[in-house]
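> what's the 3D shape of this:
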Amino acid sequence: MDLSRRDYDRDCFPRYGTSNPEPVDSKLWRQLLGGNFKAARTYGHTEYNGHWSRLNRDNTSERRNARPGPRWFGRGRYGQSITNMPDGRTIYIGGAFEDFYDPDFCIYNDVIVKNTNETFDIYLYPLDIFPPTDFHSATRIGHKIYVIGGLGYVDLRCPGETPVLKLDTQTFLMEKLEIAGYAPGWLYEHTASYEVADHSIDLCGGEIITSDHQKIEPFEQTVTLDLETSRWC
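Okay, the predicted model is just below:
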């Protein structure tokens, strides 16, 4: 599949979706997901390297919107959840590419589906529906995946809250859930397990970002999300 300069210029940068979900048909992204990294080097931006120092100083979500800014990469992400479905598909959610010191550092809010025939489907989402997330947990229950917690960009964190989203793997609609009760806080790198008998998800381990957005504390307890009542307990 030949890649033109127009294809590259249109899709070389990450972006937010315009609908929930927005399916994306991108030659560049599919070539990168298939391991054809030559596609990313076929064309370049002459002004890109001159912006390295500015991007290196920006650890907020604004760097995603910079032009030129971080280039899109679907492989090699950190903190990306990987869920194997009963029908043979593999679903990848979010994740971060590199760290803030790298010009291509980016935290993503997309969903990538690897199909059984080795093809890929890619879905984007609006920022207010699905903020960029990494080091979250992803718990599959039937054809739904519950995406809980995550680290995210500094300016998008809400210490004291615990984001909970639900992905429908048939329609790929992403739903932000309102959970009552006392939330564990801005939790990431935790483990999650589904308790069938109680129809609940137990969260344990990981770390918490405190109210000053900088201090990190270990999460040394177990908290339960009751899916019947949509309540922390």
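
> in what helix or strand does Ile82 lie?
strand 81-84 (DSSP states H and E).

> could you pull up the mean pLDDT of that strand?
Mean pLDDT, strand 81-84: 98.

> one more: stretch 5-15?
Throughout stretch 5-15, pLDDT has a mean value of 88.

> pull out the CA atoms of it and give them to me as PDB.
C-alpha atoms of stretch 5-15 as PDB (Å, rounded to 0.1, in the frame of the first residue of the first chain):
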ATOM      1  CA  ARG A   5       3.000  12.900   1.100                       C
ATOM      2  CA  ARG A   6      -0.700  13.800   1.400                       C
ATOM      3  CA  ASP A   7      -1.400  10.700   3.400                       C
ATOM      4  CA  TYR A   8       1.500  11.500   5.700                       C
ATOM      5  CA  ASP A   9       0.700  15.200   6.300                       C
ATOM      6  CA  ARG A  10      -2.900  14.300   7.100                       C
ATOM      7  CA  ASP A  11      -2.200  11.700   9.700                       C
ATOM      8  CA  CYS A  12       1.300  12.100  11.000                       C
ATOM      9  CA  PHE A  13       0.100  13.800  14.200                       C
ATOM     10  CA  PRO A  14      -2.300  12.400  16.900                       C
ATOM     11  CA  ARG A  15      -5.700  14.000  17.200                       C
END
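
> tell me which residues in that stretch are buried?
The neighbour-count check on stretch 5-15 (16 or more other C-beta atoms under 10 Å) flags 7-8, 11-14 as buried. The C-beta positions use only the backbone N, C-alpha and C, and glycine is treated the same way.

> what about it, distance to the chain center?
Mean-position distance between stretch 5-15 and its chain equals 20 Å (C-alpha atoms, centre = their mean, to the nearest Å).

> beyond the strand holding Ile82, next helix or strand please.
Counting by DSSP H and E, the next helix or strand C-terminal to strand 81-84 is strand 90-93.

> which ones are touching Val113?
89-92, 120-123, 172 (C-beta atoms under 8 Å, 6 or more residues apart in numbering).

> secondary structure class for it?
Classification of Val113 by DSSP: H, G, I helix; E, B strand; the rest coil places it in strand.

> could you report the distance from it to Thr171?
Going from Val113 to Thr171 by C-beta to C-beta, to the nearest Å gives 12 Å.
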